[in-house]
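> sequence-free structure coming up:
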């Protein structure tokens, strides 16, 4: 860290101490939308939104090291979790539009994302096409200057309160697998869209299934080129699996320090478990910092799968250790904001953004250069 980073840290800490909401964020529904948009607007108002976004995209154009400092100070101040309704817009759609979008798409959407005006959701996974996006079956056919969409998406987080969706559709009925896909922007209030929230075992309804019945969007909604959706989607997933995971990891590592502080000396085995988790977290954090700094001026590559997989399994171990530390009926565990919720929600971490098995295949084949697994 440079002297400039240290000065930036002092400024960030002072602003967060004065502005972090005192009440916890609602888990789902319209209240969650209102909360996260208000938080984003506060950051935009005082110049803390889009810190590492380029200035031409409306961001602050700061370095990755300053973005890291911001995430560290957010964790210290117990700021609202980065994993909420604004996550897709800020960490998926926005960076993808910056990398692949047209000037018109950027000028329309990016200010609204940074300004806390809109919520985005993702429409990638489907029944039978979760981690294997090459099997996407939701189709889009061209009629004049419009794309007509029919099909279904699944596990679309916060689709019930979203304004826009980043979506993969099959636009070439002849081409096989990934060569037939397009990445498009879909307004969630378009006629023909039906959203059904799914109640999970954690008790929340943040995941949704979405149905499309002759939904019409203009051809100008395609991002990155028609039938080039696979390449565009890999940019999206690169951000999700790499740099977007950074804030979540920093927040989780900070929580481990709190767990260790709460663990009494009379429980040496538990303290050893938490100390091991702290060491694992710091090692993973160092790897993630290196990854983020190496990809500062480029779209993250397949190496991001190492970060995503490492974080997902680490988060599950941390949540399990927290429940063991406090006990299943402890105040720290029960309730919507307790460790019990975190423990149950953490099961989704090795599914979202590509299952743990898919991530290991990506690491083996694209990072280590090992022979490809036989495909059926």
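Received the coordinates, thanks. As the structure is a prediction and not an experimental result, all values here were calculated from the model.
> can you list the domains in the protein?
3-114, 120-227, 242-367 (automatic domain parsing).
> closest one to residue 373 among these?
domain 242-367 (5.9 Å; CB to CB). Every residue, glycine included, has its C-beta placed from N, CA and C.
> quick one: the helices in the stretch 51-200 of the chain?
Assigned by DSSP state H, counting those that start in this stretch, the stretch 51-200 of the chain shows helices spanning 64-76, 87-88, 94-100, 103-114.
> Between these, which one is closest to residue 212.
Checking the helices of the stretch 51-200 of the chain against residue 212 by CB to CB gives helix 87-88 as the closest, at 18.0 Å.
> For residue 72, give me its contacts.
Residue 72 sits next to 9, 250, 254 when contact means CB atoms under 8 Å, 6 or more residues apart in numbering.
> ok, it to residue 308 distance?
Distance of residue 72 to residue 308, given as CB to CB, to the nearest Å: 20 Å.
> Over to residue 35?
Taking CB to CB, one finds residue 35 at 26 Å from residue 308.
> Those two: which has the busier surroundings?
Ranked by neighbour count (other CB atoms under 10 Å), residue 35 and residue 308 place residue 308 first, with 29 against 19.
> Before we move on, what's the pLDDT of the more buried one?
The score at residue 308 is 87. That number is its pLDDT.
> Quickly note the distance from it to residue 85.
Taken as CB to CB, the span from residue 308 to residue 85 is 20 Å.
> For residue 273, which non-adjacent residue is spatially closest?
Once flanking residues are discounted, residue 273 sits nearest to residue 321: 5.7 Å by CB to CB, 6 or more residues apart in numbering.
> So the one you found, which state does it fall into?
Of the three states, residue 321 takes helix under DSSP: H, G, I helix; E, B strand; the rest coil.
> Wait, it touches residue 272, no?
No - contact criterion CB atoms under 8 Å: residue 321 and residue 272 do not qualify, at 10.9 Å.
> quick one, which of these two is more surrounded?
Neighbours per residue (other CB under 10 Å) separate residue 321 from residue 272, with residue 321 holding more: 21 against 11.
> what sits up against whichever helix or strand residue 15 is part of?
Using DSSP states H and E, the element containing residue 15 is helix 3-19. For helix 3-19, contacts defined as CB under 8 Å, 6+ apart pick out 1, 42, 46, 48, 62, 65-66, 69-70, 72-74, 76-77, 79.
> which residues of the stretch 151-300 of the chain fall in strands?
164-170, 181-187, 193-198, 207-218, 222-223 (DSSP state E, counting those that start in this stretch).
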